[in-house]
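Peer 1: Any chance you could fold what I've pasted below:
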Amino acid sequence: GWYKTAAFTDFADSRGLYSLNINGDAFSDSIKQATCDAIERDLGQVDLVVYSLAAPTRQMPDDSIRRSSLKPIGEPFEGKTIDFNSGQLRDIRLEPATQDEVLDTICVMGGEDWELWIQALKARNLLANGCVTTNYTYLGSEVTWPIYHHGTIGKAKEDLDRAQASLVEPMADIDGKAYVAVMKGLVTQAASAIPGMSIYLSLLFKAMKKAGTHEGCIEQTTRLFSSQLYGKEEPRLDEHGRIRMDEFELAQEIQSFIADNWSNVDEDNLGSLTDFAGYRRAFLELHGFEVEGADYDEKVEIEVALRLEG
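Peer 2: Residues are numbered from 1 along each chain as shown. Predicted structure coming up:
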């Protein structure tokens, strides 16, 4: 993340575009206030706030630490995952979360801190009239629900819906909107840590690439902005008021392919039945590897400077 941010900052500077980096605990009041100070000084107000934070822990105001868990609820989860380096399938078993683990996961990955950020910005009159704020979520397919939608992370994602509802009124004060955006299955740092997702995403990539509907993170986010947040028509919302960007993933033919082959994946057909190679390449590219045109024999400068606020 440090290297990507440094590269982005240099690129923005070369284009004469404004960018600012603040390095610290995003949950803390001090970082919220430092961000507010910078906006007040440099921009006056902002018209878009994207809350996108994945963290394993959250330090509370009393200095206690809350830790998130990726666990099922109620019953153990048994399934398979793909060893990233060897391509071998491994059995996994996760015991169900305790109630404290569920609550801690909601605290770390739910919507409370999103609310606190908006409260801090609004209290300083830093949200422009018509400002939009959005938070990303994922619902996924029924085959992943035991570990995701019905697990601890799913409960945290439910809390985003609660937070969105709580932000409707304060955002309406400035003629603004708050949305939860349901994204498709993507290769991200967080998604790669969820047991079983490697098989699901490998099958998903296979089906969506064949259908011509595959999207990476950039393509997905670009479509969210161009067609929904800033499109010519009102955003396409579901019955819970969420923007749905996962319609291609949940198409019947895509999900039928995944359901039909979910239990058939083995080490012999991994390369033909799934697109594990594409999934693995996308993960490596997140970290700067297997990038076309990169000279990996060239000496790398480890100490990279990053312009930081304060």
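
Peer 1: Scan the chain for its longest strand.
Peer 2: strand 127-137 (DSSP state E).

Peer 1: following that strand, which helix or strand shows up next?
Peer 2: helix 152-172 (DSSP states H and E).

Peer 1: Give me the contact list for that next one.
Peer 2: The list of residues contacting helix 152-172 from outside it, by Cβ atoms under 8 Å, 6 or more residues apart in numbering, reads 68-73, 97, 101-102, 105-106, 108-112, 114-115, 118-119, 122, 127, 131, 133, 135, 137-139, 145, 148-149, 177-180, 194, 240-242. All C-beta atoms are positioned from the backbone trio N, CA, C, and that covers glycine.

Peer 1: follow-up on the earlier one: helices or strands next to the longest strand of the chain in the packing?
Peer 2: If contacts are counted by 3 or more Cβ pairs under 8 Å, 6 or more residues apart in numbering; DSSP states H and E, strand 127-137 sits against strand 46-51, helix 112-123, helix 152-172, strand 177-182.

Peer 1: helices or strands up against the last one?
Peer 2: With contacts defined as 3+ Cβ pairs under 8 Å, 6+ apart, the secondary structure elements packing on strand 177-182 are strand 127-137, helix 152-172, strand 243-244.

Peer 1: Let me have those in a markdown table, extended by mean neighbour count and distance to residue 186.
Peer 2: Compiled in a markdown table, the helices and strands packed on strand 177-182 are given as follows (neighbours: other Cβ atoms under 10 Å; distance: least, Cβ to Cβ, whole Å):
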| stretch | mean neighbour count | distance to residue 186 |
| --- | --- | --- |
| strand 127-137 | 19 | 10 |
| helix 152-172 | 19 | 15 |
| strand 243-244 | 19 | 15 |
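
Peer 1: where does the stretch 151-300 of the chain have low pLDDT?
Peer 2: Residues of the stretch 151-300 of the chain meeting the criterion pLDDT under 70: none.

Peer 1: 90 - rerun?
Peer 2: Per-residue confidence of the stretch 151-300 of the chain (counting by pLDDT under 90) places the weak regions at 187-197, 233-234, 285-288, 291-292, 300.

Peer 1: Please, where are all the helices along it?
Peer 2: Secondary structure of the stretch 151-300 of the chain (DSSP state H, counting those that start in this stretch): helices located at 152-172, 197-211, 217-223, 252-261, 270-273, 276-286.

Peer 1: The helices and strands packed on strand 127-137 into a markdown table, with extra columns for distance to residue 84?
Peer 2: Converted to a markdown table, those look like this (distance: least, Cβ to Cβ, whole Å):
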| stretch | distance to residue 84 |
| --- | --- |
| strand 46-51 | 29 |
| helix 112-123 | 30 |
| helix 152-172 | 20 |
| strand 177-182 | 27 |
